[in-house]
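**Q** below: sequence and its predicted model.
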Amino acid sequence: MTAPAERGPWVFEFVAPDRLMNMNERLHWTTQRRRARNWRNAARRAMPWYIPEGSYLPPSIVQIELPVLGNLRRDPSNWYPTVKHIVDGLVDAHLWPDDTPQWVTTVEPVLVPYKRTDLHRPVRVLIIPRGDQ
């Protein structure tokens, strides 16, 4: 697919490549790095547009919907490590030159409950131009 239309918002989905990363987990460093790499690579590969070399999306707000099992009470901020690695993957895909506040603003993830019987549990990425160019 070619570059997205000049005006957003832009939305795409991909299947979760691994368990969600949570700030409360105490994982061995190799497990943590493997999961981070899986999320980063999945986001990079899932990005559906071709962005020509040297051109980028405008400064944007990124909101991510993460699938979670059941309707338990959860603090969305605890899932920020997953969001961070997804945004890093989008920078790897050359959507922006960097994930600094100049280019990217991330908001708290939205947790979307699902049931064990649900077959399709996508991660949804919403990119909204900030309008401060």
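**A** Sure, I can see it.

**Q** now the helix or strand bottoming out on mean pLDDT in the chain, how far from the centre of its chain.
**A** For the chain, counting by mean pLDDT, DSSP states H and E, strand 110-114 ranks last in confidence among helices and strands (a mean of 89). In terms of C-alpha atoms, centre = their mean, to the nearest Å, the centre of strand 110-114 is found 14 Å from the chain centre.

**Q** same thing with stretch 69-78?
**A** That offset, for stretch 69-78, works out to 17 Å (C-alpha atoms, centre = their mean).

**Q** do stretch 100-118 as well
**A** Stretch 100-118 sits 7 Å away from the centroid of its parent chain (C-alpha atoms, centre = their mean).

**Q** Pro81 and Leu72: what is the separation?
**A** In this view, Pro81 and Leu72 are 19 Å apart by C-beta to C-beta, to the nearest Å. C-beta here means a position set from N, CA and C on the backbone, and glycine is covered the same way.

**Q** residues of the least confident helix or strand of the chain that come out buried?
**A** Residues of strand 110-114 classed as buried: Leu111 (neighbour count, 16 or more other C-beta atoms under 10 Å).

**Q** partners of that strand, with directions?
**A** strand 60-69 (parallel) (DSSP bridges).

**Q** compare Pro81 and Leu72 and say which is more crowded by neighbours.
**A** Remark: of Pro81 and Leu72, Pro81 carries more neighbours, 17 against 8, as counted by other C-beta atoms under 10 Å.
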